[in-house]
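Student: Have a look; sequence and predicted model below, questions after that.
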Amino acid sequence: MEQNLVKGIAERLRRRDSEAIESLVSVLHGPVYRYLIGCGSNVPQAEELTAETFFQVLRSIEGFRGDDNQVRAFVFSTVRNVRSRCHRQTSELEFANDVARNVIDAEELPLQRLLAKERDKQVADAVGQLSDVAREIVFLRFVEDTSINEIAAICDLPAGTVKSHLHRAKQELKRTIAELEYPQ
Amino acid sequence: MTQHDPQWTSDDEIIRKLLRPAGDMNLPPGLEAKCLAAAREGSLTVGKTQQNLSDDLVATRVRFAVSMAASLLIGLGVGWLLRGQVAIDITEISEESLPTKSEPTPERRAPILQMPFATSQVKFQEGGVEKSFFTEEVYLCGVGRILSKSEYRITGESK
């Protein structure tokens, strides 16, 4: 997915090159949207936050000092910030309503619903039981094929911490889905 | 267990297969166009912000230069005005006109005669009489002279 970004995208984005902007959006809007869904956002919210992410990325691109290989991590860092800011801005009442709704529809979170359609309800439950950070890391690692170092940069954690989160998450997932049959 | 263990790799593959549906989810129609519009808007916002900052910086520099030039001109004007002092009011005060006939003590006379804040002061003797002329003026920056006081004092013998 990284190789689909145009060459010299970091510098071209700083110059607000139109082709670079199109390439960035074309390549990364799907992963950003899936990441938000995977982290528990509902569909309209994920759609809104995906657009907001690209707005913020282009707005703050001047301050980005990385090269082409770090553009993806920069976008995911931005989406994390956008998401956490959105959560902070959610009022106490809305938060309480969300909690109540989640209790009622405990099994209908977007990712869980999606996976359940694919007859892997137990996998969905196992992923849903992971901590927020672990779920985020698992999603980036196994859905978006993000490297450990990239995840460390995105989550602002040491690589060793990411590895240990990942290891524990895999153990939990293995325990939960041990009885299922998978194609080898 | 390390990342290079076969077991670890096998687990990775299993989990990857299990989570594949999440990676294959359909995206909402029009999402890409919406993101592209937002990205372009964001890039324009950067330009506007920089333009505003640049304009503010230029305006600040211009204001600073203008105020410095104005201060310099006012200073020059005040200096020019102070160069040529004009006595507006001249009063002659003799020893007889003093309120008391008693000789004032040097301590009392000194501030009056010496006028430490006088803009100009001239002392001279003429016919055994000491005469002094002094002017005291107060200027307000940007306004000009706001107070002027001149005195012509004769001390000594009065016959």
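Tutor: Arrived safely.

Student: all contacts plus neighbour counts: C-alpha atoms, from now on.
Tutor: OK.

Student: got a list of what the residue nearest the centre of chain A touches?
Tutor: In chain A, the centroid-proximal residue (CA atoms, centre = their mean) is A:Tyr35; its distance is 2.7 Å. Going by CA atoms under 8 Å, 6 or more residues apart in numbering or on different chains, A:Tyr35 touches A:136, A:139-140.

Student: what separates the helix or strand that contains it from the chain centre, distance-wise?
Tutor: Per DSSP states H and E, A:Tyr35 falls inside helix A:18-38. A distance of 11 Å separates the centroid of the chain from that of helix A:18-38, by CA atoms, centre = their mean, to the nearest Å.

Student: and it, which residues are buried?
Tutor: A:20-38 (16 or more other CA atoms under 10 Å in any protein chain shown).

Student: now do stretch B:20-32
Tutor: Using 16+ other CA under 10 Å as the test for burial, stretch B:20-32 gives B:20-23, B:31-32.

Student: roughly how far apart are the residue nearest to the centre of chain A and B:Leu44?
Tutor: Distance, A:Tyr35 to B:Leu44, by CA to CA, to the nearest Å: 26 Å.

Student: per-residue confidence at A:Leu24?
Tutor: pLDDT for A:Leu24: 90.

Student: Which residue, other than its chain neighbours, is closest to it?
Tutor: Leaving aside its sequence neighbours, A:Leu24 sits nearest to A:Leu5 (CA to CA, 6 or more residues apart in numbering or on different chains; 6.3 Å).

Student: pLDDT below threshold where in chain B?
Tutor: B:1-9, B:46-54, B:83-118, B:156-159 (pLDDT under 70).

Student: Show me which residues of it are close to chain A?
Tutor: B:11-12, B:14-16, B:18-23, B:25, B:27-28, B:31-32, B:34-36, B:38-46 (CA under 8 Å from any CA of the partner chain).

Student: Near A:Ala178, how many residues? Count them for me, please.
Tutor: A:Ala178 has 10 neighbouring residues, counting by other CA atoms under 10 Å in any protein chain shown.

Student: show me the residues around it that make contact.
Tutor: Per CA under 8 Å, 6+ apart, neighbours of A:Ala178: none.

Student: which residues in chain B form helices?
Tutor: Assignment of helices within chain B using DSSP state H yields the ranges B:6-18, B:20-23, B:31-83, B:106-114.

Student: Can you say which of those is packed in most?
Tutor: With neighbours taken as mean count of other CA atoms under 10 Å in any protein chain shown, the helices of chain B reach their highest mean count in helix B:20-23, at a mean of 20.

Student: What's the end-to-end length of stretch A:150-165?
Tutor: 14 Å.

Student: list the buried ones in it?
Tutor: Those would be A:150-155, A:159, A:162-163, A:165, for stretch A:150-165 by 16+ other CA under 10 Å.

Student: now swap in stretch A:6-20 and tell me
Tutor: A:6, A:9-14, A:16, A:20.

Student: Sitting in helices, which of the residues you listed do you find?
Tutor: A:9-14, A:20.

Student: Closest one of the residues you listed to A:Ser77?
Tutor: Nearest to A:Ser77 out of these is A:Ala10 (CA to CA; 15.2 Å).

Student: So the closest one is in contact with A:Gly63, correct?
Tutor: No - using CA atoms under 8 Å, A:Ala10 makes no contact with A:Gly63, being 11.1 Å away.

Student: ok, back up a step: residues in contact with the residue nearest to A:Leu24?
Tutor: A:20, A:23-24, A:27.

Student: For chain B, tell me which of the buried residues of stretch A:6-20 show up nearby.
Tutor: Within those, those near chain B by CA under 8 Å from any CA are A:Arg16.

Student: wait, which of the buried residues of stretch A:6-20 is closest to chain B?
Tutor: A:Arg16 (6.2 Å; CA to the nearest CA).

Student: tell me the contacts of that closest one?
Tutor: With CA under 8 Å, 6+ apart, A:Arg16 has these contacts: A:58, B:43.
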